[in-house]
Structure formats: C-alpha cells, structure tokens
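3D, please:
(chains A and B)
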Amino acid sequence: MSVKEAVKKFQDAVEDFSSLDVESYMGDVVAEIQGTEKGSIIDWEKLIGQAKAGGTVSLKLASHFKCDGDATLFVANGEIPQAVQTAHDAAVAAGRQIRKDLLDLFSELIKGSK
Amino acid sequence: MAKDPLLMLAGQPLEQLSLLESRIEEAAEEEIVRPLPATQEEFTAASFAPDQLRTLRNRLYRLGYLANDSERDNIDEELRLAVRQFQEETGELTLDGWVGVQTWQALQELFAFEPPTELTRWFRKGQMTDALHRAVYLRLLTFGMLDPEPQASRAAPFDTGLAKWDRVLDCLGANPVSANRDVAEFGRLEWLFDLDRILSFIYEKRRVIYKRLMERSEPDRRLIRGFLVCLLKIELWLLGYEGIEPDRASSQPLRRRMAGGGKRTRYADSPLYAAIRQFWRDQHMAVKYDEPLEVLVRTASKLGEVYNGDPSEEVHGEGQAMRLIAALAEVGDKLQDAWKQVAWGARVWDGVKRVWRFLSRLVHRVVLSITDLVQRKLAWVIRAAHHAAAHACSILHRGFRIFSDSVDFLFCRELKGSTREVAIRHDRDFDFRVFVSNAASMAGVATVLDGLRGRTERFHVVLRVCGTFITLAVASAQAAAGPWMWWRLIRTLIQLHEDITNEDARLIAAPLLA
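Below is the predicted model of the structure:
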C-alpha cells in the first residue's frame, strides 16, 4: 500500500480524536474464544457481549481522557491483577501517543503553512 | 512561474506527503536518487544502480561471503545466500536474504571507513560475532598487517595480524595498556576502526612520533612505513585523489630512481607520492621530498590537522547541509549533467563524512571561495551530495512503507500479535479494549505489550521524519528556483539527511513486526 492509499484509508476512517477511552477486562477469555471462525482466534463480538452482560469476562479498569486533559477513571472493586493494570497502562500510553503524534503532524504543519 | 502544487496543498499534510512520495518515485525512475529497497519484494536488480549492485557484491566478496567478485548486475541465489549468511553472522539482523536499509547500514558499519562503527554492537557475550571477525580481518589486511589475500577467510592467520597491529600501536605510543585483558582487546579494535582517531593521534604527537620511530629497530620502522603507506592510500583514495586505491600493498616506494645516465638524478614518483604532492598543493603548501618515513608521518599528521581543526573556526549557524547546497547551487546549469555523471560506486558510500569536513576546511582555511571549490573539486561536492540524498531518500522510502503499515495496523481492529492470554482491540478513534485471560502470565503480557510499544515508537519517529520532510520541502518550494528541475527535491533530501539521527535511522530500518 502506498502513502496515497494509506492516506485515503486514514481519511475515510478517522472519526474523532478529541477523547480517548480505554477499557480493560479480565476473565475466562480462553473459553470465550474457542470455536471461533477460521483465521481469527478471537471472536470480538462475543467477547464484548460477554463483558457487557457481566458474564465470564468483567470490566476491571476504564479510563476516559478528554482533550482538555480531564480524565475519568473507573476501578472495579477488589484487587486489580498486575497483568491487567500493566496492559491497561500500556494501552493508555499507546492511545495518547498515537493521538499526540497525529495531532502534532497536523497542527504543526498547518501552523507552519499559514 | 506556476505555483508549486505542494504549496497549493498547504494545511493538508497527508496530501503533501502523498505528493512527495510520488516525486521520489519519479526521481528514482529517472535515476536522480536511489532509495534502497523497503521490502523483500523490492529487492530486485531494478532497485539498484548497476554500480551499487557491484559495490554490494564487492563488499560481500571482500568479507568472504561470495566466492568471486563478479560484476554481475543481477540478484541471484548465490547473492541471496551470501546476504543471508552475513545477516546470520551479525547476530542481530533478520535472516531474510535481502538488502534494505538495515542490512546496508550494517555493511556500512563493518566494511566502510565511514564512521561511526559502534563495536559493542557487534559483540555477543564478550565475543566478536563472526561478521565482526571478518571485518577485523579485512581491516588488518587493508592496513598491511596480513599478507594480501583476496578474501576474509576464517582460516587466515588472524592472531599474527593482530600481533602486528599491537606492534604498530606500540611504535606509535598508542598501545591501549590495561590490566583488564578484555578492555585491552577492545581498545586495539577501536583504534583499528577509527581512522580519525589514528590521524588525530599522529597530529597531536607529531613532534615525538618521528623521533620515537627513529629510535626503533629497522623491522619496526619498516612495519610502520608499510602501515602509513596503506593508511595514506586509504585516506587519499577516500578524498578522491586519482591513481591510488586501498590495494593493501605496503611496500610501495614513494619515488624511484630512473634508469639512465646524465648529470642530474631523475626520479619517477609513485602514484601515492603524486597524490601526496597534490594533497599538499591543495593546502597551498609543498612537500619536500625527504626521508620517506618523515614524508608519510608529516602527511598523516597534516590530514589529522585538517580533519580536526579548531571547532571555533566553524561558521556559526551554517550547517554542513546549507554549505553543500550553496556549493551545488554554484554549479548552475551544469548540475544536471554533473549529477548524472557520478557513478553509484564504492566512493559514494565511503568516506563521505571526512570528504565533507575536508572540503569545509579548504573553504575556510585556505581562503578558497565556494566558487573556487566547486570548480576545482566538483566531483567531490557531487559525491557528498549524492551520498546525503541517497541516505535520506532510503530512510524516507522505508518510512513511507512504515507509515502505510502503521495505518494498516491502526485500522486493523485487532492488534497484530494478540494472543489468547492478552487481546487488544481498538476502534476507529483508537479507543482501546484490552482483554486479559485469567491464565495470563506476566511474560505473555509483556510480549504483546512490547509489540504495541515498538509500533507506537516507530510510528512516532516516522511521523516526525515525515513532518520534517514536508516542512523542508515546503520551504524549498517557497525558495527561488534552483539550477535544474530536481533541485528542490535534492535540496530537501540533503537538509533532511542532516536532521535524521543514527537512532532514527536504526529504528526505521528495523524489521516490520508481523
């Protein structure tokens, strides 16, 4: 894929960069992904459905960041396992970095072109 | 004059990036620049200039990975296997048998005289990797420490060469003395791979070195004479002096008495001595023929002085890129022809940093204007520009591939590398959902997260490099027209070359994650 094609894909897909949400779940993920379609090891719809229904997979951490810096955090009752905390933190860091890089690219170059 | 379309896309960086990608592709088709392949599929003979492919073959042959130094300009199975073996022996490259930025950079470090060679990178558990072993062998050969053999064979008398090298360092007074055997071992290799350091040392100790050498035994003086002959052949060849090359022959006399009678003794200069005389002329000085060892020491010392002059002499606020651009602009209408005439051979890939420092000193210290410089040393200027543009272009070409790959990654809902222990998914706004299995181990989690961090970090670097490229290209488009059609692109690439750090280059060159 060339940059041109990538840019097209990018423009068609991006909806909103103004906030970031990260939700981390824990549970019997292995049981939920058995019997999935060939070629994909994870049946995401099933997983998310289970999480919403409060089944074998439950929400442990949720973070919501607004572009003005405000943050809302959700922490489930009980101890949060280290693996969940680490994965959650990494996803938050990645999400924030990707947004920042893209916004920097746009804002700096638009600023510079004026 | 019509406005550059790049300027008409102001405020639309991604469209500008697309346009610039197209321009690089067009420039590559016209052989103005030569980006290295960005993917295995691109590793075909068509991606290389014939001279560059010959340089690749020659390097692999000299390091002993190819049996013959053929001038074939195709990519065959033998070449792929040689590349693969080199990759394997480095201990850090992906074994895929193709040459992109990463493998080329590794070859540059181990083969070329172009700094830096980070030796620690090529050690594993305190031992030289096989690739470094070959590179050391080749250096010893090039400095005349081993009997000339065409290839870096592992069966060669390696230790004999290293022992001779130790004697050279001892004669010069540069022996890395250390109670720690490993430190001493590493120290002597550092000297072997750092020509700047050797020349600086000779310059700093010039008052004592010659005297010191005269006190040594005749075999020691012969050894040093041979070493200096090899060293100066390398240096002057790198600087573009004609008639010499690093041929590893260390016994060449500087002048030879001519046969025949007559009252006046006549001498024939060797090609090395002719180059030495020209070098001194370029300094607006003359070399007096005296004892050969003294001539060699004085010339090496002068080179050390030229390379390592007082940093305060540097013109403030004027980077090398801008001076190179100014020099190219001076070429005027002839630039197009001059640019296309420079072959993509070994000298475009080697010694360019020292050439440019040398040229800068000539301009600054010898009251040589840029116009004079261009007229006298046009090939040198173009060579330095070619190298800078080719490097920046290869990094960008690879960066474009990573950009596209990253967009794929960003819009692939499931993070590639997700496992049954940890699965990460994001939506179109990069909101993440993380699922961790009850059975997840910390090691399993760490592996998935390393992949996520690696991609994020690389995407960050690529966007920064692309952003700089766009900014420079826009500035170039806003500037006055240059000597020829591709001027703006060349100018942008040279400026970008100065902005790309070694760390950026390494990160961008690293293999794409599955």
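
quick one: the helices in chain A?
In chain A, the helices defined using DSSP state H lie at A:3-13, A:29-33, A:44-53, A:82-113.

quick one: which of these has the weakest pLDDT on average?
Lowest mean pLDDT within those: helix A:29-33, a mean of 55.

got the buried residues for stretch B:495-507?
For stretch B:495-507, the neighbour count (16 or more other C-beta atoms under 10 Å in any protein chain shown) marks B:Gln495, B:Leu496, B:His497, B:Asp499, B:Ile500, B:Asp504, B:Ala505, B:Leu507 as buried. All C-beta spots, glycine's among them, are computed from the backbone N, C-alpha and C.

Filter the residues you listed down to the ones in helices?
B:Gln495, B:Leu496, B:His497, B:Asp499, B:Asp504, B:Ala505, B:Leu507.

need those residues in TSV with pLDDT and distance to chain A, can you?
Below are these laid out as TSV (pLDDT from 0 to 100; distance: C-beta to the nearest C-beta, whole Å):
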residue	pLDDT	distance to chain A
B:Gln495	91	15
B:Leu496	92	15
B:His497	90	20
B:Asp499	89	14
B:Asp504	87	14
B:Ala505	86	19
B:Leu507	84	14
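
longest single helix anywhere in chain B?
If you go by DSSP H, chain B has its longest helix at helix B:442-478.

Show me which residues of it are buried.
For helix B:442-478, burial by neighbour count (16+ other C-beta under 10 Å) applies to B:444-446, B:448-449, B:451-452, B:455-456, B:458-474, B:476-477.

now for that helix, which elements pack on it?
Helices and strands touching helix B:442-478, by 3 or more C-beta pairs under 8 Å, 6 or more residues apart in numbering or on different chains; DSSP states H and E, are helix A:82-113, helix B:5-8, helix B:13-29, helix B:378-411, strand B:422-426, helix B:487-499, helix B:502-509.

count of residues packed around the residue of the stretch 101-250 of chain B found nearest chain A?
Going by C-beta to the nearest C-beta, chain A is nearest to B:Val101 of the stretch 101-250 of chain B, at 17.1 Å. Residues lying near B:Val101 (other C-beta atoms under 10 Å in any protein chain shown) number 22.

OK, contacts around it?
Residues in contact with B:Val101 (C-beta atoms under 8 Å, 6 or more residues apart in numbering or on different chains) are B:Leu36, B:Ala38, B:Ser394, B:Ile395, B:Arg398, B:Ala505, B:Ile508, B:Ala509.

what's the farthest-apart pair in those?
Greatest spatial distance among the contacts of B:Val101 (C-beta to C-beta): B:Ala38 and B:Ala505, at 13.5 Å.

Among the contacts of B:Val101, which one sits closest to chain A?
Scanning the contacts of B:Val101 for proximity to chain A, where the rule is C-beta to the nearest C-beta, the winner is B:Ala38, at 11.0 Å.

distance of the closest residue to the closest one other than its chain neighbours from B:Ser394?
With C-beta to C-beta, 6 or more residues apart in numbering or on different chains as the criterion, B:Ala38 has its nearest non-adjacent residue at 4.1 Å, and that residue is B:Arg401. Taken as C-beta to C-beta, to the nearest Å, the spacing of B:Arg401 relative to B:Ser394 amounts to 11 Å.

Also B:Ile325?
As defined by C-beta to C-beta, B:Ile325 lies at a distance of 20 Å from B:Ser394.

Report the central residue of chain B.
In chain B, the centroid-proximal residue (C-alpha atoms, centre = their mean) is B:Glu114; its distance is 4.2 Å.

Can you classify it by secondary structure?
Three-state assignment for B:Glu114 (DSSP: H, G, I helix; E, B strand; the rest coil): coil.

Quick one, grab the pLDDT at it.
75.

Count the neighbours of residue 63 for me.
Defaulting to chain A. Residue neighbour count, defined by other C-beta under 10 Å, stands at 21 for A:Ser63.

sorry, should have said chain B
With other C-beta under 10 Å as criterion, B:Leu63 counts 23.
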